[in-house]
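> could you work out the structure for the sequence below:
(2 chains)
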There are 2 protein chains.
Amino acid sequence: MDAMHLDAMCVFYPARVSYLTGFHHVPTERPIALVLGPNAYTALIVPAVEKEHAETIPGIDRLDVYFEYPGPEHPMERLGVALAEVGAQSERIGADHDGFVPYWGYRGPGLSEITGKAPVDAEMLIETLRRVKSAKEIECIQLSCDWAARAHRRMQDSIVTGKTEMECYAPAAVESLADMVREMPGWRPRGFSGNELPAMFVAGRSTAMPHGFVRGHGVQKGDVLVTGAGADIDGYHSELERTMFVGEPTAAQERAFDAMLKLQSHAIETMSPGVPAAEVELAVVRLAQELGVGDELRHHVGHSIGLEAHEAPFLDRGDEAVLEPGMVFTAEPGVYLKDVGGFRHSDTVLITEEGRRVMTDYPRELRDLVIGG
Amino acid sequence: MDAMHLDAMCVFYPARVSYLTGFHHVPTERPIALVLGPNAYTALIVPAVEKEHAETIPGIDRLDVYFEYPGPEHPMERLGVALAEVGAQSERIGADHDGFVPYWGYRGPGLSEITGKAPVDAEMLIETLRRVKSAKEIECIQLSCDWAARAHRRMQDSIVTGKTEMECYAPAAVESLADMVREMPGWRPRGFSGNELPAMFVAGRSTAMPHGFVRGHGVQKGDVLVTGAGADIDGYHSELERTMFVGEPTAAQERAFDAMLKLQSHAIETMSPGVPAAEVELAVVRLAQELGVGDELRHHVGHSIGLEAHEAPFLDRGDEAVLEPGMVFTAEPGVYLKDVGGFRHSDTVLITEEGRRVMTDYPRELRDLVIGG
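Next up, the predicted model:
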């Protein structure tokens, strides 16, 4: 903030408020704002529904509780008071967004309407910090990877033909949740969607769409499955995805799987400190062209992961970031063939001083991913 | 748009894109934008991961697919092309937000940076439409209410002491999901978080916080439970919440429950066409003061519901809306006592020509909500 000559900084985006304060909350239309002033002064504006929760957060100098949104006076009018209190000049106020980021039924004034000046764009001030994970954050992500692998194993063992996707994965996922509760006393999801299952999959032709929905069809011999598993550890996430087959794959499926596996291995080998994020994708694209699947890519190679399921920077030809030790990415190049299926593994990968460490411990080879084969 | 003298309108908020086009999608950092021009001209900008899905949507004149975010050229640069194509003058462009609403790792230019002018705030143009539900939308919400009641009944029948919250509700919720799949062939969640369970509850002291997290503790005799049940029908939601007791409630709990029930009944009776939304809350506050629980309220009386779990307008003293037939609200005044528990029922209520119709069919009386009593 000093380097940017800011008197104060307003933070609106929920994950950034969590990151800076430890105040994890479920975002709603009720605006929450963090105001940072000189000498680590910290003010937090919250609705009454979060009062008791916010009171447990250490390091907040001023907790300002409004009753409700919209209320007779717009809650964000309180920003003016908090900013005046730290003597912030309107041209020296930074923010990560011009006002609360709208969600659900929220509608409200931009910070610029409250102060009369457009705020200084200081989003990267926080984002730069978030990109490199601390030892404590890496520990949470590792534990998340370990639980994801357990939940995925249990799910894989529960898949049988004839049952719908949900009937296969939901009981296994619920048992995994119960294990988490039992083995980590006091554990609870802290994130933004705490009610999710730790393992699921999509079957059949809808896998050819990278973000296919569960169709609820019965799992059939010949299906390609694309799975997902994760776990929320103190608000931190990881990603484990596998392409699996019900029965022996066709020759075309085996070729697509093989290409995908080569692309993922290549992506992971390329990831090292000092390598541009863009170069990781470009290396994968070059190999995809060599393998004859260059036109079958539908997305970049991966994204950062941490407090949010997707974070910047991205393993993407247009990203200007350079990999640094402590960054955590997913490595998940995918190959999508309309009548054959979608082929994607995703592993969570930590950039280390020496290169990289794959945090996900789960089989990647075809022979380990055939069900009832 | 004609009345506001707009040449074009840009829509960024995901639920509004769904509402106007039927293109339901899971929001990510990959920006999606809808551009509306004269004569119902419709352009949709989507990432490659949504290509096949977007191609199934009727009524799109121009589908512009970019490969990926961030990409070598920012995807939102395409807005300029789409706007030029309809001959939009920069001072005659409306929008619901100044650029894509940031989510996950997204960072991008405001529309004002692309066109050189701040867009006309046209958010209410769409929101006004969304507030009054069509017959088709009401049908979806009613079906959602009916499934929620079934899932809640199954969950209520599964609660036993000694088990954790999740062990009680998850299997019942999964069975309800399986019923939905079986009885509604082709059904699938379309909304923004399709993987959620249709019924859950929070037990014990954390109910005293209106948005308490599941603690994972064992359910114990003497616990107050606050439940929630819902179902996604073609992207539409409903809300059913109940306060329940494990064993007979204490006198203090019974008093709080009784006050809450009176407040909810009063809220529902007050809801009629022509009544200001603010008046519904003020009527509840007045009764709460008479009943001696005026200081125990932590939020307003309710919110609209539809494509999103919370929508505007709100049953809130600061909301300027007036109730109209076709609006759908939750009615959920709550009473929160620190060492006693949280007390809240939520029912989904439709405003009709004659007054209102409670769409939720589930017992509200204490005697029906005591477990193992």
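> how far away is A:Ala8 from chain B?
As judged by Cβ to the nearest Cβ, to the nearest Å, A:Ala8 and chain B stand 21 Å apart. Backbone N, C-alpha and C define where each C-beta goes, glycine included.
> report how many residues lie close to that residue.
Neighbour count for A:Ala8, taken as other Cβ atoms under 10 Å in any protein chain shown: 28.
> that one - nearest residue in space that isn't next to it in sequence?
In this structure, A:Ala8 finds its nearest non-sequential neighbour in A:Ala88, 3.8 Å apart by Cβ to Cβ, 6 or more residues apart in numbering or on different chains.
> show me the contacts for that neighbour.
Residues touching A:Ala88, when contacts are defined by Cβ atoms under 8 Å, 6 or more residues apart in numbering or on different chains, comprise A:7-8, A:37.
> please, which helix or strand holds it?
When elements are defined using DSSP states H and E, A:Ala88 is found to belong to no helix and no strand.
> need phi/psi at it.
phi -80, psi 130 (degrees, to the nearest 10).
> of all the residues in the stretch 201-350 of chain A, which one is nearest chain B?
With Cβ to the nearest Cβ, the shortest gap between the stretch 201-350 of chain A and chain B falls at A:Ala312, namely 3.3 Å.
> ugh, wrong one, I meant the stretch 51-200 of chain A
The minimum distance from the stretch 51-200 of chain A to chain B, using Cβ to the nearest Cβ, falls at A:Gly105 (3.4 Å).
> for stretch A:254-269, what does the pLDDT average out to?
Averaging the model's pLDDT scores along stretch A:254-269 yields 98.
> for that stretch, which positions count as buried?
A:255-264, A:266-268 (16 or more other Cβ atoms under 10 Å in any protein chain shown).
> one more: stretch A:282-298?
By neighbour count with 16+ other Cβ under 10 Å, stretch A:282-298 contains the buried residues A:282-285, A:287-288, A:291, A:293, A:296-298.
> contacts with chain B among those, please.
Contacts with chain B within the buried residues of stretch A:282-298, counted by Cβ under 8 Å from any Cβ of the partner chain: A:Arg298.
> SS state for A:Ala252?
The local conformation at A:Ala252, judged by DSSP: H, G, I helix; E, B strand; the rest coil, is helix.
> ok, the closest residue to A:Arg242 other than its chain neighbours to A:Asp361 distance?
By the measure of Cβ to Cβ, 6+ apart, the closest residue to A:Arg242 outside its immediate chain neighbours is A:Thr227, 4.9 Å from it. Distance of A:Thr227 to A:Asp361, given as Cβ to Cβ, to the nearest Å: 15 Å.
> and A:Ala82, by the same measure?
As judged by Cβ to Cβ, A:Ala82 and A:Asp361 stand 46 Å apart.
> quickly list the domain ranges of chain A.
The record, using automatic domain parsing to delimit domains, assigns chain A the ranges A:8-130, A:132-371.
> name the nearest residue to A:Gly334, ignoring sequence neighbours.
Closest residue in space to A:Gly334, ignoring its immediate chain neighbours: A:Arg344 at 3.6 Å, by Cβ to Cβ, 6+ apart.
> ok, now which ones touch the one you found?
Each residue near A:Arg344 by Cβ under 8 Å, 6+ apart is listed here: A:210, A:226, A:241, A:243, A:260, A:332-335.
> switch to 7 Å and redo it
Applying Cβ atoms under 7 Å, 6 or more residues apart in numbering or on different chains, we find A:Arg344 in contact with A:226, A:241, A:243, A:260, A:332, A:334.
> now do A:Cys10
A:Cys10 sits next to A:33, A:35, A:79, A:93, A:95, A:111, A:119 when contact means Cβ under 7 Å, 6+ apart.
> A:Ala277 now?
Applying Cβ under 7 Å, 6+ apart, the residues contacting A:Ala277 are A:313-316, A:319, A:321-323.
> now A:Lys133
Residues counted as contacts of A:Lys133 (Cβ under 7 Å, 6+ apart) are A:141, A:306, A:326, A:328.
> please name the spatially closest residue to A:Pro189 (chain neighbours excluded).
Excluding the flanking residues, the one nearest A:Pro189 by Cβ to Cβ, 6+ apart is A:Asp232, at 4.3 Å.
> tell me, how many residues neighbour the one you found?
Taking other Cβ under 10 Å as the neighbour definition, A:Asp232 ends up with a count of 25.
> neighbour-wise, which one of the contacts of A:Ala277 leads?
When neighbours are counted as other Cβ under 10 Å, the busiest of the contacts of A:Ala277 turns out to be A:Leu315, with 31 neighbours.
> just want the most central residue of chain A.
Nearest to the mean C-alpha position of chain A, counting by Cα atoms, centre = their mean, stands A:Ala309 at 1.1 Å.
> one step back: give me phi/psi at the residue of the stretch 201-350 of chain A closest to chain B?
Torsion angles at A:Ala312 (phi, psi; degrees, to the nearest 10) stand at phi -90, psi 160.
> contact partners for it?
Taking Cβ under 7 Å, 6+ apart as the test, what A:Ala312 contacts is A:127, A:304, B:105, B:107.
> ok, so of those, who is nearest B:Asp2?
When those are ranked by distance to B:Asp2 (Cβ to Cβ), B:Arg107 comes first, at 34.5 Å.
> could you check how far the closest one is from A:Phe314?
In this structure, B:Arg107 and A:Phe314 are 11 Å apart, going by Cβ to Cβ.
> quick one, helices of the stretch 51-200 of chain A?
According to DSSP state H, counting those that start in this stretch, the stretch 51-200 of chain A carries its helices in the segments A:51-55, A:78-85, A:111-115, A:123-131, A:135-158, A:165-183.
> and the angle from the worst-scoring helix or strand of chain A on mean pLDDT to helix A:135-158?
Taking mean pLDDT, DSSP states H and E as the measure, chain A has strand A:199-203 as its least confident helix or strand, at a mean of 77. In this structure, strand A:199-203 runs at an angle of 50 degrees to helix A:135-158, with axes from the mean of the first three to the mean of the last three Cα atoms, to 10 degrees as the basis.
> picking up where we left off before, mean pLDDT for the helices of the stretch 51-200 of chain A: which is lowest?
The minimum mean pLDDT among those belongs to helix A:165-183 (a mean of 84).
> number of residues surrounding the closest residue to A:Glu296 other than its chain neighbours?
Once its chain neighbours are removed from consideration, A:Glu296 has its nearest residue in A:Val335; the separation is 4.7 Å (Cβ to Cβ, 6+ apart). Counted with other Cβ under 10 Å, the neighbours of A:Val335 add up to 26.
> then the one 3 residues further on?
A:Lys338 sits with 11 neighbouring residues when counted by other Cβ under 10 Å.
> could you pull up phi and psi at it?
When read as degrees, to the nearest 10, the backbone of A:Lys338 gives phi -50, psi -50.
> you'd agree A:Tyr336 is in a strand?
Yes - with three-state DSSP as the criterion, A:Tyr336 is assigned to a strand.
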